[in-house]
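>>> fold the following for me, if possible:
(one chain, ligands or ions: 2)
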Amino acid sequence: MATKKKNNTIKLNFDTVRNYAPALESKSAATIKPQYDLFINGKFEKPLSKKYFSTINPSNEEKLSEVAEANTADVNRAVKAARSAYEKVWKKMAAKERAKYIFRIARIIQEKARELSIIETLDGGKPIRESRDFDIPAAANHFFYYAGWADKLEYAFPNRNANPLGVAGQIIPWNFPLLMAAWKIAPALATGNTVVLKSAETTPLTALKLAEIIQEADLPAGVVNIITGGGETGAALVNHTDINKIAFTGSTEVGKIIQKATAGTNKKLTLELGGKAANIIFEDAALDEAVEGVINGIYFNQGQVCCAGSRLYIQESVAKEVIKKLKDRLESLIVGDPLDKNTDVGAINSRQQLETIQKYLKIGQQEGAEKYESSCALPQKGFWCRPTLFTNVAQSNRIAQEEIFGPVLAILTFRTDDEIIEKANNSPYGLSAGVWTDKGSKIFNMTKRLKAGVVWANTFNKFDPTAPFGGYKESGYGREGGLHGLMPYVNLSNK
Ligand code: NAP
Ligand code: MG
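Numbering: from 1, shown residues only. Ligands and ions are numbered 1, 2, ... in the order given. Here you go, the predicted structure:
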């Protein structure tokens, strides 16, 4: 892959990198049924709507399965089952017994990790390396972590009683389907709530697999209900009068609709919304590591991550050098079959999302920014976008302000600490940020002043179930993960 040149610098041979022999994960380790019903009251039930819709593999547009479309009557059934399970079983159960069920779910996810990874990659288009090494283990870890809290709430909330809320309605997006389900379901169950979860339209399959796992774990019927459908199904859940809490992860646009719909009701609400993270490289940073962190932050998940490092700020003195390194690295990224273990960048999740990204690629050029894209070949079928970066970007440009949700990086420069704080915080969003520097004092100075829920230092996109995650400003409110993640699911009263 690399050859030594006379002056001792390493030159990458991109053709060799791209010509790695395929290392395909086998589809045969995954079972996908041709049709899935709604998981209500512990059973798979035919939808009252009588309607089904297809879910496809975005890397080749082949149909994988069809899933039920829940209408308002189906949502009513699911909420009724959750209410009954809450009143009759779950809220009365000893916390240590609840914990056993959650541990069991975690262990079965681990046992089925390979199958779940394959299905996540087929349904959503992300590289198998991501599903296998991040999404699925992280989903199991969330269940393990919150199982541990279930019988220790008195230590989580000293001198207070932590009472469950009742029925939680949970709505998740398509970019981390199983992980988002775990983020939502695990803390709700640990605190004694029951759940109706709606998965995203383009990626319903791992949530339905989770329903099978929940059945296998023998969770009492109705404690978790998993329904599929589009935006209208989500809206029916949000507007249901017998729901005590809505947990939503998705776009800021839909988050605002939900905030309006729940205003003036007794429903508790948490919103995990969009982002436009500033990734900041100072001149004293270890530049090769920083470049790798930038690549990881924006390209490895096709940029389809709420906390993706989509705005890169480089200190002026090293900008030229970093941009050169980034362009070289862009060329070496392997774009292609998500099931191939060599693949770095997979497919875009849907045609609609690809069109949004393409719209922004045009806007960037119209605004006068300079576009540079990888020269890689793209597959004929499916939804694909070359890893792209823009230089000569102005702070006011739409590509620097709006969430693109694709493998597109906007690069800007800065000179001083005050200037970078001003620029990084000049965004309607505030979900995450990254700082690359050799100086610990600079890291502390930056983390204090950056208005972002998470600030990574000399790394990017790292997650752990013990660490809370959530945003400022239009990135939403409330926290998921860690001890903080229990709070949105309890009412606290004095002992
Ligand atoms: P989305 O369009 O807002 O959809 C999110 C979920 O809401 C989906 O299940 C969707 O159903 C449903 N929905 C759509 N309209 C609704 C309505 N009126 N009422 C209730 N539910 C409704 O977002 P997305 O395109 O799936 O996901 C991408 C967005 O999620 C990005 O903005 C990203 O930043 C954000 N995100 C945030 C976080 C975080 O933690 N902050 C994490 C991941 C993603 P359909 O799928 O059927 O449309
Ligand atoms: Mg799909």
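>>> now the nearest residue to Asn491 once chain neighbours are set aside, what's its secondary structure?
Distances taken as CB to CB, 6 or more residues apart in numbering put Asn163 closest to Asn491, at 4.8 Å, once the chain neighbours are dropped. C-beta: built from backbone N, CA, C; applies to glycine. Secondary structure, DSSP: H, G, I helix; E, B strand; the rest coil: Asn163 is strand.
>>> burial count for Asn163?
Counted with other CB atoms under 10 Å, the neighbours of Asn163 add up to 14.
>>> can we start the residue count at 866 from this point?
OK, 866 is where the count begins now, so the last one is Asn1028.
>>> contacts only, for it.
Asn1028 makes contact with 1057, 1355-1358, according to CB atoms under 8 Å, 6 or more residues apart in numbering.
>>> cool, and Glu926?
1246-1248.
>>> looking at this, Leu1254 is in a helix?
No. Read with three-state DSSP, Leu1254 is strand and lies in no helix.
>>> you'd agree it is up against Ile1269?
No. Leu1254 lies out of contact with Ile1269 (CB atoms under 8 Å); the separation is 11.9 Å.
>>> in space, what's closest to Ser1064 - neighbours in sequence excluded?
Ala1072 is the one closest to Ser1064 (CB to CB, 6+ apart), at 3.8 Å.
>>> element containing that neighbour, please.
helix 1070-1081 (DSSP states H and E).
>>> who are the packing partners of the very next helix or strand once past that helix?
Going down the chain from helix 1070-1081, the next helix or strand is strand 1089-1092, by DSSP H and E. Applying 3 or more CB pairs under 8 Å, 6 or more residues apart in numbering; DSSP states H and E, one finds that strand 1089-1092 contacts strand 903-905, helix 937-950, helix 1042-1055, strand 1059-1063, helix 1070-1081.
>>> any chance of the ones you listed in JSON lines, plus distance to ligand 2?
JSON lines is the format used below for the helices and strands packed on strand 1089-1092 (distance: least, CB to the ion, whole Å):
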{"stretch": "strand 903-905", "distance to ligand 2": "18"}
{"stretch": "helix 937-950", "distance to ligand 2": "21"}
{"stretch": "helix 1042-1055", "distance to ligand 2": "9"}
{"stretch": "strand 1059-1063", "distance to ligand 2": "15"}
{"stretch": "helix 1070-1081", "distance to ligand 2": "7"}
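>>> can I get these in TSV with mean pLDDT and distance to Ile897?
Shown next, in TSV, are the helices and strands packed on strand 1089-1092 (pLDDT from 0 to 100; distance: least, CB to CB, whole Å):
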stretch	mean pLDDT	distance to Ile897
strand 903-905	98	16
helix 937-950	98	22
helix 1042-1055	98	14
strand 1059-1063	98	20
helix 1070-1081	98	6
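>>> okay, these in CSV with distance to ligand 1 and mean neighbour count next?
Compiled in CSV, the helices and strands packed on strand 1089-1092 are given as follows (distance: least, CB to the nearest ligand atom, whole Å; neighbours: other CB atoms under 10 Å):
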stretch, distance to ligand 1, mean neighbour count
strand 903-905, 14, 26
helix 937-950, 11, 21
helix 1042-1055, 6, 28
strand 1059-1063, 6, 28
helix 1070-1081, 10, 23
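>>> which of the ones you listed sits closest to Tyr1337?
Proximity to Tyr1337 (CB to CB) singles out helix 1042-1055 among these, at 18.7 Å.
>>> Three-state assignment for whichever residue of the stretch 1016-1165 of the chain sits closest to ligand 2, please.
Nearest to ligand 2, among the residues of the stretch 1016-1165 of the chain, is Thr1067, at 4.5 Å (CB to the ion). Put simply, Thr1067 is coil when judged by three-state DSSP.
>>> name all residues that make contact with it.
920-921, 923, 988-989, 1039, 1214-1215.
>>> ok, those residues vs Leu1191, which is closest?
Using CB to CB, the contacts of Thr1067 come closest to Leu1191 at Asn1214, 24.3 Å.
>>> how many neighbours does that closest one have?
Asn1214 has 24 nearby residues by other CB under 10 Å.
>>> show me which residues of the stretch 966-1115 of the chain are close to ligand 2?
988, 1067 (CB under 5 Å from the ion).
>>> and Glu1284, which helix or strand is it part of?
Going by DSSP H and E, Glu1284 is in helix 1282-1290.
>>> and if you look at Gln1124?
Short version, using DSSP H and E: Gln1124 is in helix 1117-1127.
>>> packing partners for that helix?
helix 1096-1104, strand 1110-1114, strand 1133-1137.
>>> quick one on the thing from earlier: in JSON lines: the contacts of Asn1028, plus neighbour count, pLDDT and distance to Tyr1010.
JSON lines is the format used below for these (neighbours: other CB atoms under 10 Å; pLDDT from 0 to 100; distance: CB to CB, whole Å):
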{"residue": "Gly1057", "neighbour count": "22", "pLDDT": "98", "distance to Tyr1010": "17"}
{"residue": "Val1355", "neighbour count": "23", "pLDDT": "98", "distance to Tyr1010": "16"}
{"residue": "Asn1356", "neighbour count": "14", "pLDDT": "97", "distance to Tyr1010": "22"}
{"residue": "Leu1357", "neighbour count": "11", "pLDDT": "97", "distance to Tyr1010": "21"}
{"residue": "Ser1358", "neighbour count": "10", "pLDDT": "95", "distance to Tyr1010": "25"}
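>>> now those residues in a markdown table, with distance to ligand 1 and secondary structure?
Putting the contacts of Asn1028 into a markdown table (distance: CB to the nearest ligand atom, whole Å; DSSP: H, G, I helix; E, B strand; the rest coil) gives the following:
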| residue | distance to ligand 1 | secondary structure |
| --- | --- | --- |
| Gly1057 | 24 | coil |
| Val1355 | 20 | strand |
| Asn1356 | 24 | strand |
| Leu1357 | 24 | strand |
| Ser1358 | 29 | strand |
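>>> select, from the contacts of Thr1067, the two members most distant in space.
Among the contacts of Thr1067, Ile921 and Trp1039 lie farthest apart (CB to CB), at 12.1 Å.
>>> the helix holding Gln1124 vs strand 1110-1114, what angle?
Per axes from the mean of the first three to the mean of the last three CA atoms, to 10 degrees, the angle that helix 1117-1127 makes with strand 1110-1114 is 170 degrees.
>>> and for Ala935, the neighbour number?
So Ala935, with other CB under 10 Å, has 32 neighbours.
>>> cool, Trp955 as well?
Neighbour tally, Trp955, other CB under 10 Å: 25.
>>> residues in contact with Leu981?
974, 996, 1001, 1004, 1043, 1071, 1074.
>>> could you work out the end-to-end span of stretch 1259-1276 for me?
9 Å (CA to CA, to the nearest Å).
>>> and that stretch, what's buried?
By 16 or more other CB atoms under 10 Å, the buried positions in stretch 1259-1276 come out as 1260, 1262, 1264-1276.
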